[in-house]
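1. Build me a structure from this.
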Amino acid sequence: MAKPLLKSRTILEPIAEFNPSSASIRSLALFSTSPSETLIYVGTVSGKLLLLSLQHPNSNSSNDENNEKLKFVRHIVISDCAVESIHVFGEIEKILVVSDGFIHFVDLELVKPVKKIGALKGVSVVARRLRSDVNEGFSKLIVGGGGDAIGGSGSSFLQRLGGGGVGGRVNGGGGNDLPIDDNCVFAAAVGKKLILVGLVGRSNESYDSVAGSLVTLREIACVDLVKDLVWVNDSIVAGCSSGYYLCSCVTGQCGLIFSFPDVSSTPLLKVLKKDYKILMLVDNVGIVVDSHGQPVGGSLVFHGSPDGIGEMGSCVVAIYRGKMELYVKKSGNCVQKIVFGGEGGGSHVITDDEDGTGKVVVVTTSTKVICYLKVPSEEQIKDFLRKKDFKEAISLAEELHDDGEITKETLSLVHAQVGFLLMFDLHFEEAVNHFLLSETMQPSEIFPFIMPDPNRWSLLVPKNRYWGLHPPPAPLESVIDNGLMAIQRAIFLKKAGLETAVDDEFLLNPPKRDDLLDTAIKNLIRYLKVSREKDLTSSVREGVDTLLMYLYRALNFVDEMESLASSENWCIVEELEALLNDSGHLRTLAFLCESKGMSSKALAIWRILARNYSSGYWMDPTKTNEEHDLGVNIISGKENAATEATRILEELSDQDLILQHLGWIADINNMLAVRVLTSEKRSHQLPPDEVIAAIDPKKTEILQRYLQWLIEDQDSDEPQFHTSYALLLTKSALETYGTESQSEQSNGSEPGKHSIFQSPVRERLQVFLQSSDLYDTEEVLDLIEESELWLEKAILYRKLGQETLVLQILAVKLEDNDAAEHYCAEIGRPDAYMQLLDIYLNPTDGKKPMFKAAVRLLHNHGESLDPLQVLERLSPNMPLQLASDTILRMLRARLHHHYQGQVVHNLSRAVNLDAKLARLEERSRLVQINDESLCDSCHARLGTKLFAMYPDDTIVCYKCFRRQGESTSVTGRDFNNDPVFKPGWLVTE
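-> Predicted coordinates:
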């Protein structure tokens, strides 16, 4: 968004005047010898050079005292002609004066004789070389055999200019190398020619001596007569009658920048030393270019064609027709006008500081010198603030900061100052916006607006009144009351026709106190929330969070209060406890105590909230608007308090504190109580014996779940815990036995209560009885002996090894044939199936024989039963058609097994007999050895030697046999892996 246009402001103010009698002024120059003194050089038409001394006044000095600060020092006669221009070379303590077409040098104090340079004639304009960066590699020029360091074109054109008009030309190859002083290099315009001149042979250690000579460095031809001239870095801009030209001191080339539309135009050039840009004037338009002649930024449009141009910081000063106007460089706006001379009073001259500091501007009429001093930047800003032009003050401060005239800290101070002024003008939102833009403002500075002094943080508030433009901070109520009174007075004065500084919006529509207070608190909340993210000291953090809680409570922002209290914060509980307790914000207080590690106090508050649920602060906000749901809201509020207490207790290891609050939590919700007891978040678990003793015996669900957690999750192997858990489950199963459906069992929970378990109690009992071996089986069995829990009895009898009872229960009571047969398989004996068959055929308790079950058993497992025993046990009353097929199949299978056994037996005998015969044949073989028999390995004659024969009929001597081994023959055949089979009557190849 574009910045607003600045209103007129006072940048320059007159400080002194001087009337040099009847002398007509032609030229001016300034030189600051110190921050408090400026030397003013005045050139007259009569050829005199006047020296004035300006002492900068103090801010509290009177006008009469200020007039005494400008004093005449002395004068010196330069020539009989007008002093056209004055140039100060402060580094070498010399002043260059152009008069009568010659260059003259004098000292700064005008006490030494004038030195005239006679070799240069017809000089009209002189421009000193200015450098934007002294470290930019602007090499010193060398005179002599080293060549021209700037142009690189040799030194054949170098001309030595001696004092008193004596001069001569220097041979480029014959003289000694002489360095040129960078602090005294200038260009002189002689007709259509530019001559670059430098000072050589001067000592760098002291500028007090007058030794040294001027030499011509280069001559550059221009196309027209030069009327104005500036030199920046390596570029020279010449103003001629036809236009502006750019000349290079390196190449010597000169080119047109642009020509004048009117041949009567007068060129005027000004170097803006702040940025080292060049202002070229064309009629009433100032065009800013860089050192290469390229336009930069926008143009400045003046109200008339200026007689002279000066620079004052970020502003350009133009004079014409006895008026002086200041224009902002960036925007081109005119921000100040000063009338210092009458219309048509002759020519006017303006000059500014040669060093570019932008503190003093001097203008002259034909007979008077007037000095203007820049108003300090802070005073300019204060002037806007006093007028309550806050936007203009901020725009000015930002502009001054961008231009480097004020620091970032000062800009932050201005934002804070504007914020305080807006606070007292009741514009709270805009005030906080400026507070947030200030990087130096401390959050403690707004503490007095929230809590009256004295308080815990009074000493943290900086004793900084800024510029004294606003009263000391006070509580918001007082600020608003005083502001409303000021509005009422302003309305009365407005009716009387008087102007006031009160905002017109407030005059037309006076605000209400409650609305102002609400807006103020909301915006202070916004500021404190942002301040929490800053790097603050611990004491300031405590103040920010505590006072933020104060403001939340003032607007009854319950959610924000609880969010702040439950998160990491620096609130002081002692400062807030009474406040929150009196206002009924106990939930916030509980969260706050918890965050500070005060668990006992937090739990006590949650207990109070659960008991006094009718207050409604903790009711579920999503249900408060529902009709006919008051009971639901009450339950929700109680459970919410219990849930928060549970969350605290889950992390505590304090046994006494946990057991103290377990009871009331269990009364509200059993599941929350179980969460407290079985939490894995605490560092040390609670002693199980003491926990079990503390649980209300009526809360069987809690006790069951806790024991289950000990056994299953904590892998407890204590028999007493297993037995207790089994007995509790058994009692619950007995209590719930007989309901219409096990899936609807709620483990004895009452309406409105939450069930801890998802599975029915009998299912959990049966699983536990089967999986655990550590409980007292007989004790549990005694408890259910007279009940109808047959499956549980079967499990217990199985644990005791009562196989018959187990089979009777499974087969007769439960009629679970699969389970009965599976149990017989577990036993693993054939008589178990026979025992089960007896039970099917002869059931107890007066039941009829279970023929179908018996037939099913014979069908599935009849092969493993003895048919004779089965036939003996079959009842005469059993219908034959039910068992005939099964018995026939069983008999056939029995006969098949008998025949199959006989076949296997006879085959085994045949194989055994064949092996015996083969062995006998091998042992009965004869081998005949004669004198010609050889060993198949070493081929030695056997004769009467011992020998061996392998199964493949190879013969070796005993020596080779021992070396070869008995399992591998000479042919390499391994008989262990590749045995030899010989045909027999049963086994063939």
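2. Excluding chain neighbours, what is closest to residue 54?
-> Leaving out its chain neighbours, the residue that sits closest to residue 54 by C-beta to C-beta, 6 or more residues apart in numbering is residue 38, at 4.5 Å. C-beta here means a position set from N, CA and C on the backbone, and glycine is covered the same way.
3. quick one: strands adjacent to the helix or strand harbouring the one you found?
-> Using DSSP states H and E, residue 38 sits in strand 37-44. Strand 37-44 has the following strand partners under DSSP bridges: strand 25-34 (antiparallel), strand 48-55 (antiparallel).
4. Tell me which of those strands sits nearest to residue 284.
-> Ranking the strands paired with strand 37-44 by proximity to residue 284 (C-beta to C-beta) places strand 25-34 first, at 22.5 Å.
5. re the thing from before, so what pairs up with the residue nearest to residue 54 in the strands?
-> In beta-bridge terms (that is, DSSP bridges), residue 38 pairs with residue 32, residue 54.
6. how close does it get to residue 335?
-> 24 Å (C-beta to C-beta, to the nearest Å).
7. quick one: which of those two has more around it?
-> residue 38 (24 against 20; other C-beta atoms under 10 Å).
8. OK, contacts around that one?
-> By C-beta atoms under 8 Å, 6 or more residues apart in numbering, the contact set of residue 38 is 30-32, 53-54, 56, 353, 359-360.
9. what's the lowest-pLDDT member of the residues you listed?
-> For the contacts of residue 38, the weakest pLDDT value sits at residue 353, with 76.
10. Am I right that residue 238 is in contact with residue 194?
-> Yes. At 6.7 Å, residue 238 and residue 194 qualify as touching, with contact defined as C-beta atoms under 8 Å.
11. So which of the two has more stuff around it?
-> residue 238 (30 against 26).
12. a helix runs through the more buried one, doesn't it?
-> No. Going by DSSP: H, G, I helix; E, B strand; the rest coil, the assignment for residue 238 is strand, not a helix.
13. who's it bridged to?
-> residue 229, residue 245.
14. Okay, it and residue 831: tell me how far apart.
-> Per C-beta to C-beta, residue 238 is found 133 Å from residue 831.
15. what's the helix or strand for residue 720?
-> Using DSSP H and E, residue 720 maps to helix 719-736.
16. So for that helix, what gets flagged as buried?
-> Within helix 719-736, the residues scored as buried using 16 or more other C-beta atoms under 10 Å are 721-726, 728-734, 736.
17. before we move on, what about stretch 661-680?
-> 661-662, 664-666, 668-679.
18. Can you show me the strands along the stretch 51-200 of the chain?
-> 70-77, 83-89, 94-99, 102-107, 115-117, 123-130, 142-143, 159-161, 167-169, 178-190, 193-200 (DSSP state E, counting those that start in this stretch).
19. Identify the residues contacting the third one?
-> In other words, strand 94-99. 29, 41, 43, 47, 49, 78-79, 81-89, 103-108, 114, 123-126, 128, 184, 186.
20. okay, stretch 769-788 in CSV with CA atoms only?
-> Taking Å, rounded to 0.1, in the frame of the first residue of the first chain, the C-alpha atoms of stretch 769-788 are listed here in CSV:
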residue,chain,number,x,y,z
LEU,A,769,-10.5,-71.4,34.2
GLN,A,770,-8.9,-73.1,31.2
SER,A,771,-5.8,-70.9,30.9
SER,A,772,-4.7,-70.6,34.5
ASP,A,773,-3.3,-73.4,36.7
LEU,A,774,-2.6,-71.2,39.7
TYR,A,775,-6.1,-70.8,41.3
ASP,A,776,-7.5,-73.1,43.9
THR,A,777,-9.7,-75.5,41.8
GLU,A,778,-11.5,-77.1,44.7
GLU,A,779,-12.5,-73.7,46.2
VAL,A,780,-14.0,-72.6,43.0
LEU,A,781,-15.7,-76.0,42.5
ASP,A,782,-17.2,-75.8,45.9
LEU,A,783,-18.7,-72.4,44.9
ILE,A,784,-20.4,-73.7,41.8
GLU,A,785,-21.1,-77.3,43.0
GLU,A,786,-24.9,-76.7,43.3
SER,A,787,-25.2,-74.5,40.2
GLU,A,788,-26.0,-75.1,36.6
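21. Residues contacting it, please?
-> Against stretch 769-788 from outside (C-beta under 8 Å, 6+ apart): 711, 717-719, 722-723, 725-727, 730-731, 733-734, 737, 792-793, 795-797, 799-800.
22. report the angle between the axes of the helix or strand following the helix holding residue 720 and helix 719-736?
-> Following helix 719-736 in sequence order, the next helix or strand is helix 761-771 (DSSP H and E). Orientation of helix 761-771 against helix 719-736 (axes from the mean of the first three to the mean of the last three C-alpha atoms, to 10 degrees) gives an angle of 150 degrees.
23. average model confidence for helix 761-771?
-> Helix 761-771 comes out at a mean pLDDT of 91.
24. Make 54 the first number, not 1, from now on.
-> New numbering, starting at 54: the last item is helix 814-824.
25. where's residue 582, which helix or strand?
-> helix 566-584.
26. make that residue 270, sorry
-> strand 266-274.
27. now that strand and strand 246-253, what's the angle there?
-> 160 degrees.
28. Partner strands of strand 266-274, with direction?
-> Neighbouring strands of strand 266-274 in its sheet, by DSSP bridges, are strand 212-214 (antiparallel), strand 246-253 (antiparallel).
29. Just the CA trace of the last one, in PDB.
-> Once side chains and other backbone atoms are set aside, the C-alpha atoms of strand 246-253 remain, and they are given as PDB (Å, rounded to 0.1, in the frame of the first residue of the first chain):
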ATOM      1  CA  LYS A 246      37.700  22.500 -23.800                       C
ATOM      2  CA  LEU A 247      37.900  20.600 -20.500                       C
ATOM      3  CA  ILE A 248      41.300  20.500 -18.800                       C
ATOM      4  CA  LEU A 249      41.800  17.900 -16.100                       C
ATOM      5  CA  VAL A 250      44.200  19.200 -13.400                       C
ATOM      6  CA  GLY A 251      45.900  17.500 -10.500                       C
ATOM      7  CA  LEU A 252      48.300  18.400  -7.700                       C
ATOM      8  CA  VAL A 253      51.700  16.600  -7.600                       C
END
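30. Let me see the mean pLDDT of that strand.
-> So the average pLDDT for strand 246-253 ends up being 87.
31. what does that strand contact?
-> 145, 173, 194, 196, 214, 231-234, 236-242, 265-275, 279, 282, 289, 291, 300, 302.
32. Drop anything exposed from the residues you listed.
-> So, by 16+ other C-beta under 10 Å, the buried ones in these are 145, 173, 194, 196, 214, 231-234, 236-242, 265-271, 273, 275, 279, 282, 289, 291, 300, 302.
33. Report how far apart the opening and closing residues of stretch 862-872 are.
-> Distance across stretch 862-872, first residue to last, is 10 Å (C-alpha to C-alpha, to the nearest Å).
34. same question, stretch 855-873
-> End to end - C-alpha to C-alpha - stretch 855-873 spans 13 Å.
35. What count of nearby residues applies to residue 175?
-> 12.
36. quick one, what contacts it?
-> 154, 243-244.
37. Closest to residue 1033 out of these?
-> Closest to residue 1033, out of all of the contacts of residue 175 and judged by C-beta to C-beta, is residue 243, at 134.3 Å.
38. what's the distance between that closest one and residue 1029?
-> 127 Å.
39. Mind checking which of the two has more residues around it?
-> residue 243 (18 against 7).
40. For residue 305, which non-adjacent residue is spatially closest?
-> residue 273 (5.2 Å).
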